[in-house]
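Enquirer: return a 3D structure for these sequence lines:
(one chain, ligands or ions: 2)
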Amino acid sequence: VFTHQLAIQTPRATTIIKVGQGLVPAVGNELLGTLGPDALSRAVLVTDATVGALYADTVSDSLRGGGITPLRFDIEPGEGSKSLDNASRLYRFLSDNRIARDGVIIALGGGVVSDLAGFVAGTWMRGVRWVVCPTTLESQIDAAIGGKTAVNIPGAKNLVGAFHHPALVLMDPGCLKTLPDRDFRAGLAESVKHAAVFSTEFFEWHERSAAAIAAREPAAVQELIEWNVRIKAGVIERDPYERTGERMLLNFGHTIGHAIEQAVNFELRHGECVAIGMLAAAHLSRSVGLGEPAIDRLRALLDRLGLPTGLRQRAPFNKIMSAIQRDKKGVAGTTRFVLLEDLARPVIRPDIPEDLIRQAHESVT
Ligand SMILES: NC(=O)c1ccc[n+]([C@@H]2O[C@H](COP(=O)([O-])OP(=O)(O)OC[C@H]3O[C@@H](n4cnc5c(N)ncnc54)[C@H](O)[C@@H]3O)[C@@H](O)[C@H]2O)c1
Ligand SMILES: [Zn+2]
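Expert: Ligands and ions are numbered 1, 2, ... in the order given. All right, here's what the predicted structure looks like:
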C-alpha cells in the first residue's frame, strides 16, 4: 500500500508524518522504526471508548508484536473529556505506573484524545515523547499537525495548553471507514479552508474531485489528506510557535465560525460552523472592499461536499455578535478577521465595524 511520508522540522523537534492505509495495524513496527527499540519499554495508549472499542486491540496487538506491552487509559468520547480532571487522572495513572522520561504516550482517536494526551505528554516530567494515530478527518488534516495541545477550563476552550510536537503521526485513512458521514463532511471544511487560504490549485482540485471526495473514494481521500498535511506542515515550519502571524491565517472562517458554534449551543459540528463562517468571511472581504473573493465558487464547493452554506435562522445576529465580543474581551483583545482578496490571497484585518459583520451574517442567514 502506498504511504506518503513527510517530516516537519521545528527548532526543538522533528515530527515524522505518514499517511497510508494499514498504518494502524502496523503501529508497533512504525514506532520501533522511528523511536528505536529501547524507547518503548513503557508505552501508554490513550483513547476514547468509541475509538478504543474499534481499534485499540489492533494497536495493542501490533505493539505486542514489536515487544511492547502498552498500558491503556480510556476517556469518554466528547469535548467534555478535554478537561483538567482527565489530565489529573492521566498524571496519576502515569505516576502509579512509574512512567518516566523515557515513556511514550500514544494518542489513538480524534482531536479530543490527541489534545488531551498531547497536553499531558508535554507537561508530564516537563515533556515525554508522544505519538498520534488520528482517527477522524478533522484530526488527520488539522488537529494532529502542528504540536498544539490543550485542555478546556469551564467556559473557555483551549486556553490551557502547550506546544509539544509529537515524534510520529500515523494517519490511516482506513480508520475513517467507521467515521459517521456527518463527521467526515464536517472535517472537509478544514480542507476547503486550507485550499481557499493557501492554494488555488488545491481549491480547483476540490472542485474537480468533489464527487469522489464526497463518496469517500480511497484514492481521493488519500490525496486530500496528503495535500492538507503538506500545506499545514509548511505553515507550521514557517511559524512553529505562532509568532509571525502566518498560523493565524489558519483561522479563516473561524472567528464567525466559533461565534456560530456558541450561538447554536454546539448543536452544529465545528466544521459545519466553519463552512458557514468561511462564507461569511468571504462576504465580509467583499464589503470591506477587497474584491470578489470567489464567493460563488466557495458556496458551490461547500454545497457539493455536503456542508451547510447558511444558518437557516438558527443563530440571530445579537448572539453571534455577543460571542465575538466575549472572545474579544476574554483573551484575544482585538478581533482579527482573516479575509480573502482572492483565493490563496489572505489578509488579516482588525476592527471590522459591527455593521459589516451584520451584513455578512445576513448573507449566510
Ligand atoms: N490541536 C489543534 O491544532 C487542533 C486543531 C483542530 C481541532 N482541535 C481540537 O480537536 C477537537 C475536535 O476533534 P475531532 O473533530 O476529531 O473530534 P473528537 O475527537 O471528539 O471525535 C469525534 C467523535 O468521533 C468519534 N470517532 C473518532 N474516530 C472515529 C472513527 N475512526 N470511527 C468512528 N468514530 C470515531 C469519537 O469517539 C468522537 O465521538 C476539538 O477539541 C478541537 O479543539 C485541535
Ligand atoms: Zn477548525
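Enquirer: where are the low-confidence patches of the stretch 201-350 of the chain?
Expert: 330-332 (pLDDT under 70).
Enquirer: all helices for it, in order.
Expert: Listed from the start of the chain, the stretch 201-350 of the chain has helices (DSSP state H, counting those that start in this stretch) covering 218-238, 254-263, 270-287, 295-304, 317-327.
Enquirer: put the alpha carbons of the longest one into PDB.
Expert: What follows is helix 218-238 as a C-alpha-only set of coordinates in PDB (Å, rounded to 0.1, in the frame of the first residue of the first chain):
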ATOM      1  CA  PRO A 218     -10.000   5.900  -1.100                       C
ATOM      2  CA  ALA A 219      -7.700   7.500  -3.700                       C
ATOM      3  CA  ALA A 220      -9.300  10.900  -3.400                       C
ATOM      4  CA  VAL A 221      -9.300  10.700   0.400                       C
ATOM      5  CA  GLN A 222      -5.600   9.700   0.500                       C
ATOM      6  CA  GLU A 223      -4.700  12.600  -1.800                       C
ATOM      7  CA  LEU A 224      -6.800  15.000   0.200                       C
ATOM      8  CA  ILE A 225      -5.100  14.100   3.400                       C
ATOM      9  CA  GLU A 226      -1.600  14.200   1.900                       C
ATOM     10  CA  TRP A 227      -2.300  17.600   0.400                       C
ATOM     11  CA  ASN A 228      -3.600  19.000   3.600                       C
ATOM     12  CA  VAL A 229      -0.600  17.700   5.500                       C
ATOM     13  CA  ARG A 230       1.800  19.300   3.100                       C
ATOM     14  CA  ILE A 231       0.000  22.700   3.400                       C
ATOM     15  CA  LYS A 232      -0.300  22.700   7.200                       C
ATOM     16  CA  ALA A 233       3.200  21.300   7.700                       C
ATOM     17  CA  GLY A 234       4.600  24.200   5.600                       C
ATOM     18  CA  VAL A 235       2.700  26.800   7.700                       C
ATOM     19  CA  ILE A 236       3.900  25.100  10.900                       C
ATOM     20  CA  GLU A 237       7.600  25.100   9.800                       C
ATOM     21  CA  ARG A 238       7.400  28.800   8.900                       C
END
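Enquirer: in it, what's buried?
Expert: 220-233, 235-236 (16 or more other Cβ atoms under 10 Å). Quick note: C-beta positions are derived from backbone N, CA and C, even for glycine.
Enquirer: in a strand, Trp124, correct?
Expert: No. Trp124: not assigned to a strand; according to DSSP: H, G, I helix; E, B strand; the rest coil it is helix.
Enquirer: ok, it - how many residues close by?
Expert: Per other Cβ atoms under 10 Å, the neighbour tally for Trp124 reads 21.
Enquirer: where does it land on pLDDT?
Expert: Looking at Trp124, its pLDDT stands at 98.
Enquirer: number the chain from 384, please
Expert: Noted, 384 is the first residue going forward, which turns the last one into Trp507.
Enquirer: circling back: which one of the helices of the stretch 584-733 of the chain is the most hemmed in?
Expert: Of all the helices of the stretch 584-733 of the chain, helix 653-670 has the most neighbours on average by mean count of other Cβ atoms under 10 Å, namely a mean of 26.
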